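**Student:** Sharing a model that was predicted from the sequence below.
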Amino acid sequence: MTDNTLIEIKGLRLAYGENQVLNGIDLSVPRGKLVAILGASGCGKTTLLRMIGGQMRPDAGHVKVEGQTIHELDDDALYRLRRKMGMMFQKSGLFTDLSTFENVAFPMRELTDLPEPVIRDLVLMKLHAVGLRSANDLMPSELSGGMMRRVALARAIALDPMLIMYDEPFAGLDPISLNVIANLIRRLNDALGTTSIVVTYDVAESLKIVDYAYFISDGVVIWGGSVEEVKASQDPFVRQFVDSLPDGPVAFHYPSKTYGADLRLSA
């Protein structure tokens with residue numbers, strides 16, 4: 001693991017019963033870069049984020065963040081490391097009974113001893129960064145889907161983390177909101193000097209903002225490269241995703257016996 005590498009993942013394996021989700025993942029994330037992890041729904045992308053955050057333990061292999069092996073840390077060390085991480089959840093994950101302001105203030109109050117006047121200034125600063133300073137009194141039920149994502153983004157950067165993880169940040173957004181969120185992710189990554197991981201199946205949008213992309217299928221990294229390398233790649237898996245092709249290595253049907261065999265069993 002070099003000084004320029006923030007996250008190192010080697011031989012990572014995890015199974016849910018007989019379902020092998022991660023089957024030997026190898027990848028690294030450089031400091032200060034924006035990296036996309038791409039793949040079809042259910043390929044293990046979100047599970048990988050949980051491994052990085054220490055919510056799950058691997059069956060084999062390791063995840064290292066800042067040189068520390070996540071699954072070997074005790075609770076205190078893991079919580080200290082987590083304080084350096086921000087997370088934007090797939091469905092925003094806002095507290096429905098708290099205002100926009102209180103949602104962003106929550107991690108500051110829980111994890112710091114900052115006085116209230118300082119917290120107020122910081123919350124307004126984070127909301128201003130996502131264009132929602134004047135919406136600080138609104139409740140989540142009063143926000144559009146795109147606005148909720150922006151509040152979630154403000155909360156993710158509340159403590160100026162060294163690492164921000166985004167779980168499907170573009171899902172369900174209209175084209176305008178999607179572009180707003182994508183551009184914010186890029187700008188905030190550069191302005192804060194942080195490292196970002198975007199987990200998504202939206203290849204077209206992610207390639208506009210990321211520095212590097214990994215493609216995952218069947219629990220392994222199929223391909224990885226810079227945006228320029230992705231666009232030039234002739235790998236069948238990459239081409240199927242980039243060009244949105246219906247036929248290719250990613251099958252539409254879940255693995256099963258032949259259709260004819262199932263019909264004979266039911267006869």
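**Tutor:** All right, it came through fine.

**Student:** When you work out contacts or count neighbours from here on, use the C-alpha atoms and nothing else.
**Tutor:** OK.

**Student:** Where does the prediction get shaky in the stretch 1-150 of the chain?
**Tutor:** Along the stretch 1-150 of the chain, the model assigns pLDDT under 70 to residues 1-2.

**Student:** now the strands: where do they sit in it?
**Tutor:** Listed in chain order, the strands found in the stretch 1-150 of the chain under DSSP state E, counting those that start in this stretch are 5-16, 19-30, 34-38, 60-65, 68-69, 85-88.

**Student:** Go through those strands and pick out the most buried.
**Tutor:** Most buried of these by mean neighbour count (mean count of other C-alpha atoms under 10 Å) is strand 34-38; its value is a mean of 26.

**Student:** that older thread, which one, of the strands of the stretch 1-150 of the chain, ends up nearest to Ala182?
**Tutor:** Taking C-alpha to C-alpha, strand 34-38 is the member of those nearest to Ala182, at 11.4 Å.

**Student:** Which stretches in the stretch 151-267 of the chain count as strands?
**Tutor:** Using DSSP E, counting those that start in this stretch, strands in the stretch 151-267 of the chain cover 163-167, 195-200, 212-217, 220-226.

**Student:** Now render those as CSV, adding mean pLDDT.
**Tutor:** Below are these laid out as CSV (pLDDT from 0 to 100):
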stretch, mean pLDDT
strand 163-167, 92
strand 195-200, 92
strand 212-217, 90
strand 220-226, 89
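
**Student:** Just send these back as TSV, with distance to Pro175 too.
**Tutor:** Below are the strands of the stretch 151-267 of the chain laid out as TSV (distance: least, C-alpha to C-alpha, whole Å):
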stretch	distance to Pro175
strand 163-167	18
strand 195-200	16
strand 212-217	22
strand 220-226	25
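
**Student:** before we move on, the earlier item: relative to Glu142, which of the strands of the stretch 1-150 of the chain is closest?
**Tutor:** strand 85-88 (19.4 Å).

**Student:** what's in contact with that closest one?
**Tutor:** 53, 152-153, 155-159, 161-167, 169 (C-alpha atoms under 8 Å, 6 or more residues apart in numbering).

**Student:** Can you name the two of those that sit furthest apart?
**Tutor:** Leu159 and Pro169 (19.5 Å).

**Student:** any chance of the strands of the stretch 1-150 of the chain in JSON lines, plus distance to Val220?
**Tutor:** Below are the strands of the stretch 1-150 of the chain laid out as JSON lines (distance: least, C-alpha to C-alpha, whole Å):
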{"stretch": "strand 5-16", "distance to Val220": "9"}
{"stretch": "strand 19-30", "distance to Val220": "5"}
{"stretch": "strand 34-38", "distance to Val220": "11"}
{"stretch": "strand 60-65", "distance to Val220": "13"}
{"stretch": "strand 68-69", "distance to Val220": "20"}
{"stretch": "strand 85-88", "distance to Val220": "23"}
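
**Student:** Good, we can wrap up now.
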